[in-house]
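Trainee: Dropping a prediction and its sequence here:
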Amino acid sequence: QVQLVESGGGLVQPGGSLRLSCAASGGFFVIHAMAWYRQAPGKQRELVATTTLSGITNYVDSVKGRFTISRDGAKNTVNLQMNSLKPEDTAVYYCNVRARASFYDASPTDYWGQGTQVTVSS
């Protein structure tokens, strides 16, 4: 049973920092990519940052230079270091893992964490 457990959300003042972590358990044959999404009230879920099996990272323009995604392959964890936070970063952040759980899986599956609230406010 694949499970993603997130931690690290909370309330922070503008300009502050937070670090989100996501631990994936349950066993994977191969993880193709790990990512963070976010969803603000009344808005669609958007991709914030992603890191692939080969180590390529991508960010949405609004967080470039402020957020850093990192992955510990040995531990199947992915982190999101968020600096210089702004009120518009307020959202529920979701961990996403795209993986094949078994050698016999023809294509990868998207797995999701439960979400962690990040609130940036003075």
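Mentor: Now that the structure is in, tell me what you want to look at. Keep in mind the model is a prediction, meaning the values are calculated, not measured. Residues are numbered from 1 along each chain as shown.
Trainee: Just the buried positions in stretch 6-25, please.
Mentor: Within stretch 6-25, the residues that count as buried by 16 or more other C-beta atoms under 10 Å are E6, G8, G9, V12, L18, L20, S21, C22, A23, A24. The C-beta positions use only the backbone N, C-alpha and C, and glycine is treated the same way.
Trainee: what do you get for stretch 63-73?
Mentor: V63, F67, T68, I69, S70, R71.
Trainee: Report the separation between K43 and L20.
Mentor: From K43 across to L20, the span is 19 Å (C-beta to C-beta, to the nearest Å).
Trainee: all strands of the chain, in order?
Mentor: 3-7, 10-12, 18-25, 30-39, 46-52, 57-59, 67-72, 77-82, 91-100, 109-112, 116-120 (DSSP state E).
Trainee: need the ones you listed in a markdown table with mean pLDDT, can you?
Mentor: Formatted as a markdown table, those follow (pLDDT from 0 to 100):
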| stretch | mean pLDDT |
| --- | --- |
| strand 3-7 | 93 |
| strand 10-12 | 98 |
| strand 18-25 | 95 |
| strand 30-39 | 94 |
| strand 46-52 | 97 |
| strand 57-59 | 97 |
| strand 67-72 | 95 |
| strand 77-82 | 97 |
| strand 91-100 | 95 |
| strand 109-112 | 94 |
| strand 116-120 | 98 |
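Trainee: Most tightly packed of the ones you listed?
Mentor: Counting by mean count of other C-beta atoms under 10 Å, strand 77-82 has the highest mean neighbour count of those, with a mean of 22.
Trainee: Strand 116-120 and that strand, what's the angle between them?
Mentor: Per axes from the mean of the first three to the mean of the last three C-alpha atoms, to 10 degrees, the angle that strand 77-82 makes with strand 116-120 is 10 degrees.
Trainee: does the residue nearest the centre of the chain have beta-bridge partners, and which?
Mentor: Residue closest to the average C-alpha location in the chain (C-alpha atoms, centre = their mean): W36, at 2.3 Å. Here W36 shows beta-bridge partners A49, C95, assigned using DSSP bridges.
Trainee: ok, it - contacts?
Mentor: By C-beta atoms under 8 Å, 6 or more residues apart in numbering, W36 lies in contact with 20, 22, 47-50, 69, 78, 80, 93-96.
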